[in-house]
Structures are given as C-alpha cells and as structure tokens.
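Student: Build me a structure from this.
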Amino acid sequence: MRTIGLLGGMSWESSAEYYRLLNEAVRDRLGGLRSAECVMWSVDFAPVERLQREGDWDAAAELLAGHAASLERAGAECLVLCTNTMHRLADEVQAAIGIPLIHIADATADRIRAAGLQTVGLLATRYTMEQPFYKGRLVARHGLDVLVPGEPDLTLVHDVIYDELCQGRVEDRSREEYRRVIAGLEEAGAQGIVYGCTEIDLLVGPADASVPVFDSTRIHVERALDWALS
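Tutor: Residues are numbered from 1 along each chain as shown. The predicted model follows:
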C-alpha cells in the first residue's frame, strides 16, 4: 500500500470524514486490522476562507502549495486535496510537488460517465458552482452537461455550507431546503446530482434525491485508495 497525503482542514468536519471513509474502505477491502497508510496536514480554515472571500487566490495557492510540499517530504506518495473548492488551485499545487494530485472532479466525472449519464445537477459552494475550474472541467474535459441552481437557491446552498456545515451544525430546515433545490434540478433535467462540496454528505445522502447521487467525498476517497493499492 502506498502512502496517501491528505491536505485537509477546509473544513475539518469533512476532513474527518475523509479519514474515516479512507480507513473504513481499507478495512473493507483488505480485512482484519488493516488501515490506511496516510499522512495529513490540516490547515486553519479561517485564513483560507478569508482569502477566498477576498479573491486572493495567489496567496491561497502559495499557502496550500507549501503544505503539499510538506506532505511530500513527510512521505506522501500522492496528494488528496480534501476540498472541492480549493481544486481551483489544483494546477498550482501540482506544480509545487513531484507526486500526483488525485483530482476530485476527474474522479467524479469518471463515475458519472460509467453510470451512462449525460446531464447532472451540481450542489457546491458558490465558487465551485460559478467558476470554471470545476463545472467547466466537467464540461470541457469530460463532455458532461452541468446544471446549477439559480438565485436565490445558489446563495442558500453556499450559505448553508459555510454558516452551518463547516461549523458543525446540521439543521433539519436546511435539509428540507436542499431537498427542494435537488428536486428543482431534477425537474430541470438532471439525471444525477453531484454533491460537489465535501461537507454536503453531512446533510443529505442518496435517499434525498430521486436520481443517482454522486458523493464527491466518497468517490475521491475510493479513487485515492484504488491508486494506493494499484
């Protein structure tokens, strides 16, 4: 088993899910007392979130690239960036290290294509839903059609992530709102729903949609483990 580097803390709630899911997957595949060979660097999210809001992506890239290099020096043989939004900086982070970065959007797109679907709805942070680094990658690189909610639902989805899920709050009211937004995407033609933020699976799951759900956190973990065991 090769060593997986986890760059997390954005937020730590979803990073804890990464660690749990990764070790459960190793146990399920290998049995007994087997667990993952991994190293993690967990950042303080508050400065990162401030850089996001201010649009200072260069400073954020420098920060994450430095931590990624530290993981490589610690023995990581691949890098898992435990956040969808910060894949905006995937190219900059990859350029700073000599180990492969396992891209969450590519892993998710491969799963969607394997399911034979063309059009998916995307729930994520505002940055992920509006900027081209994720949605555009699904379209240009993988040939998918991607729907996102319109306003005010786009803002609602974003605010629940930052104001609730990233702060450890899971509210029934927000679950009902997400279900409503999901239903709207399905009505607009979505054949599947991408949970494109690593906190979303804390709030809703496969049963909250009537079409297939693609949980990017779980898919990312499984792709990383496939690589580590290959």
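
Student: quick check: domain ranges of the protein?
Tutor: Domain ranges of the chain: 4-103+218-229, 115-215, per automatic domain parsing.

Student: Rebuild those domains as a markdown table, extending it with mean neighbour count.
Tutor: The way it works is simple: take the backbone N, C-alpha and C, and place the C-beta from them, glycine included. As requested, the domains of the chain are exported to a markdown table (neighbours: other Cβ atoms under 10 Å):
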| stretch | mean neighbour count |
| --- | --- |
| domain 4-103+218-229 | 18 |
| domain 115-215 | 18 |
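
Student: Beta-bridge partners for C38, please?
Tutor: As for beta bridges, C38 partners with I4 under DSSP bridges.

Student: element containing A107?
Tutor: Element membership for A107 (DSSP states H and E) is helix 104-114.

Student: So which bits of that helix are buried?
Tutor: Buried residues in helix 104-114, counted by 16 or more other Cβ atoms under 10 Å: I104, A105, D106, A107, T108, A109, R111, I112.

Student: helices and strands around it, which ones?
Tutor: helix 135-140, strand 192-195, strand 213-215, helix 216-229 (3 or more Cβ pairs under 8 Å, 6 or more residues apart in numbering; DSSP states H and E).

Student: Pick out the residue nearest the middle of the protein.
Tutor: Nearest residue to the geometric centre of the chain (Cα atoms, centre = their mean): N84, 3.5 Å.

Student: Could you dump the domains of the chain into CSV with mean pLDDT added?
Tutor: Formatted as CSV, the domains of the chain follow (pLDDT from 0 to 100):
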stretch, mean pLDDT
domain 4-103+218-229, 97
domain 115-215, 96
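
Student: Strands of this protein, residue ranges please.
Tutor: 4-8, 38-42, 78-81, 119-123, 145-147, 192-195, 213-215 (DSSP state E).

Student: quick one: furthest residue from the center of the chain?
Tutor: Largest centre distance within the chain, by Cα atoms, centre = their mean: G32, 28.7 Å.

Student: how far away is it from G136?
Tutor: For G32, the distance to G136 equals 43 Å [Cβ to Cβ, to the nearest Å].

Student: Now do the contacts for A25.
Tutor: Residues in contact with A25 (Cβ atoms under 8 Å, 6 or more residues apart in numbering) are A36, V221, E222, L225.

Student: out of those, what pair is the most spread apart?
Tutor: Greatest spatial distance among these (Cβ to Cβ): A36 and E222, at 12.2 Å.

Student: how about the nearest residue to L21, chain neighbours excluded?
Tutor: V221 (4.6 Å; Cβ to Cβ, 6 or more residues apart in numbering).

Student: Since that was my last question, I'll sign off now.
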